[in-house]
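A.B. asks: Predicted coordinates and the sequence they were generated for:
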Amino acid sequence: MYDIKTLVNKIEPKVIAYRRDFHKYPEVGWTEFRTSSKVAEILMDLGYEVKLGRKILKEEAIMGFPPQKEILNEIKRAIKEGADPKIIEMMENLPGVVGILHTDKPGPTMAFRFDMDALSITEAQDDEHRPYKESFSSVHDGIMHACGHDGHTAVGLALAEILMKIKDDLSGTIKLIFQPAEEGVRGAKAMVEAGVVDDADYFFAFHIGFGAADSVSLVAKTTGFLATSKIDVDYIGQTAHAGACPQEGKNALLGAASAALNLHAIAPHSEGITRINVGVLTAGTAANIIPGSAHMKIETRGETTALNNYMQEKAKIILKACANMYTLGCHIKDAGSAPSAKGDEELAKTVKQIGESLGISKIENESNFGASDDATYFMERVQSQGGKALYFQVKTPIASDHHTNRFDFDESCLKVAIQICAHLALRNFI
């Protein structure tokens, strides 16, 4: 039996280097070509079976995908920054990686998810921000890793190396899923619909950060996943001179503004938490022109999938009604989604036991997330087929809140997350 802690300590500098490399070259959802190439290359070198492209993503289930021209430009950028052109070609213009370890011994199939994408945020550029001071801040204007996904990806690669070193002690099959486009809950559904976890008996996901007071701590089970839908809306009207002939115009801005107000008037539901937000409304070109188009980005959330469906259905009724009020065309596009999910108590107890064995001083049985993560698609699919799933948290001191331009985390949490995942892989649950 190998000493996991010793193995992880030996590769900690490499893990931190991985994290800082990904932090320096962040990529938003569906453009993670450099990240995916680096991940695939390392997994191949370690001896994993690696799957890419349409083998792991069902195109019909992809949500919020950028225009093809943008994708091709991002691929060129990724290659310029060190992505392997041969691996890029294997991706078929779709980022994401699945690495599979076959132990050649009977046992369960276990899957781990690591999200890879960054956020559209301009990173702080001053010496009070450690990534800038230590020269690993983002080189991409307006994009940064502000939620810890650079750390998640680094943990996945370190876990891959550790598992190969302890392969003789493992059984069954282990899948390492490097997911694109978690932000905006756009990527998991396409992987699930491609069958990535259809053979999984156990599924694990985790998140680092969340602001532990002074040292790394553990949450064995994450609860309170809100189901969510992201909706893009385009209102199509008719431009006209606002002074000379306003009657000939169809004001798309007014339709969108009316929708924004009425969306926030949807009645809350007695059965649980519901949320709605109009995050973007853009329209108009000049004060003397009737706006001929308007674009909106909206999200709904619900404590359960049913409650989110209630919000989504009401929202779409309002969107269409406001278009009719102003005789506008209305194009509604589902841009992202995630169901609610609950982790399995048996697995939570195991994670807690592992945390105790690692000497983690503060361990919470559960914590309410109060947000969304499309890892719930994986959880839902595995559980629907009789398997078990869990989402845990490795809390650590952070420099600033998640999704802010000074976000950074204590990198000592990475080795804790690696050790927990490695010990889970060693557990023969069946």
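C.D. replies: Received, thanks. Numbers count the residues shown, from 1 in each chain.

A.B. asks: Find the residue at the geometric middle of the chain.
C.D. replies: In the chain, the residue lying closest to the centroid (C-alpha atoms, centre = their mean) is E182, at 1.9 Å.

A.B. asks: On the strand side of things, show who the spatially closest residue to that residue that is not a sequence neighbour bridges to.
C.D. replies: Computed as C-beta to C-beta, 6 or more residues apart in numbering, the closest residue to E182 that is not its neighbour in sequence is D115, at 3.7 Å. Quick note: C-beta positions are derived from backbone N, CA and C, even for glycine. Counting by DSSP bridges, D115 is bridged to Q179.

A.B. asks: Check the burial of D115 by counting its neighbours.
C.D. replies: Using other C-beta atoms under 10 Å, D115 has 26 neighbouring residues.

A.B. asks: now do S357
C.D. replies: Using other C-beta under 10 Å, S357 has 13 neighbouring residues.

A.B. asks: got the contact list for it?
C.D. replies: Counting by C-beta atoms under 8 Å, 6 or more residues apart in numbering, S357 makes contact with H423.

A.B. asks: For it, give its distance to H402.
C.D. replies: Distance of S357 to H402, given as C-beta to C-beta, to the nearest Å: 29 Å.

A.B. asks: And for I16?
C.D. replies: To H402, I16 is 20 Å away according to C-beta to C-beta.

A.B. asks: follow-up on the earlier one: thought the residue nearest to the centre of the chain was touching K189?
C.D. replies: No - counting by C-beta atoms under 8 Å, K189 is not a contact partner of E182; they are 11.1 Å apart.

A.B. asks: Distance from the chain centre to the one helix or strand Q393 maps to, please.
C.D. replies: Applying DSSP states H and E as the criterion places Q393 in strand 388-396. With C-alpha atoms, centre = their mean, to the nearest Å as the basis, strand 388-396 stands 14 Å off its chain's centre.

A.B. asks: got the contact list for L414?
C.D. replies: The neighbourhood of L414, defined by C-beta under 8 Å, 6+ apart, consists of 12, 15-16, 19, 151, 154-155, 158, 208.

A.B. asks: which among the residues you listed end up buried?
C.D. replies: 15-16, 19, 151, 154-155, 158, 208 (16 or more other C-beta atoms under 10 Å).

A.B. asks: Please identify which of the residues you listed is nearest to L424.
C.D. replies: Nearest to L424 among the buried ones among the contacts of L414: V155, at 12.4 Å, using C-beta to C-beta.

A.B. asks: Quick check: which element contains the closest one?
C.D. replies: Element membership for V155, per DSSP H and E: helix 149-165.

A.B. asks: Packing partners of that helix?
C.D. replies: In this structure, helix 149-165 makes packing contacts with helix 4-24, helix 33-46, strand 97-102, strand 109-115, strand 173-179, strand 202-210, helix 412-426, judged by 3 or more C-beta pairs under 8 Å, 6 or more residues apart in numbering; DSSP states H and E.

A.B. asks: closest one to K395 among those?
C.D. replies: Of all the helices and strands packed on helix 149-165, it is strand 202-210 that lies closest to K395, at 4.8 Å by C-beta to C-beta.

A.B. asks: Would you map the strands across the protein?
C.D. replies: Under the criterion DSSP state E, the chain carries strands at the ranges 49-51, 97-102, 109-115, 173-179, 202-210, 217-219, 222-223, 227-236, 274-283, 293-302, 329-338, 363-364, 367-368, 388-396.

A.B. asks: circling back to that earlier point, could I get the helices and strands packed on helix 149-165 in JSON lines, plus columns for distance to N277 and mean pLDDT?
C.D. replies: Below are those laid out as JSON lines (distance: least, C-beta to C-beta, whole Å; pLDDT from 0 to 100):
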{"stretch": "helix 4-24", "distance to N277": "28", "mean pLDDT": "97"}
{"stretch": "helix 33-46", "distance to N277": "29", "mean pLDDT": "98"}
{"stretch": "strand 97-102", "distance to N277": "32", "mean pLDDT": "98"}
{"stretch": "strand 109-115", "distance to N277": "22", "mean pLDDT": "98"}
{"stretch": "strand 173-179", "distance to N277": "24", "mean pLDDT": "98"}
{"stretch": "strand 202-210", "distance to N277": "21", "mean pLDDT": "95"}
{"stretch": "helix 412-426", "distance to N277": "30", "mean pLDDT": "97"}
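
A.B. asks: Could you dump the ones you listed into a markdown table with distance to I398 added?
C.D. replies: A markdown table is the format used below for those (distance: least, C-beta to C-beta, whole Å):
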| stretch | distance to I398 |
| --- | --- |
| helix 4-24 | 14 |
| helix 33-46 | 22 |
| strand 97-102 | 27 |
| strand 109-115 | 17 |
| strand 173-179 | 22 |
| strand 202-210 | 5 |
| helix 412-426 | 10 |
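
A.B. asks: Figure out which of these is closest to L281.
C.D. replies: Of all those, strand 109-115 sits nearest to L281, with 28.2 Å by C-beta to C-beta.

A.B. asks: for the closest one, the distance to its chain's centre please.
C.D. replies: Put simply, strand 109-115 sits 13 Å off its chain's centre (C-alpha atoms, centre = their mean).

A.B. asks: name the helices or strands packed onto it?
C.D. replies: With contacts defined as 3+ C-beta pairs under 8 Å, 6+ apart, strand 109-115 has these neighbours: helix 149-165, strand 173-179, strand 202-210, helix 375-384, helix 412-426.
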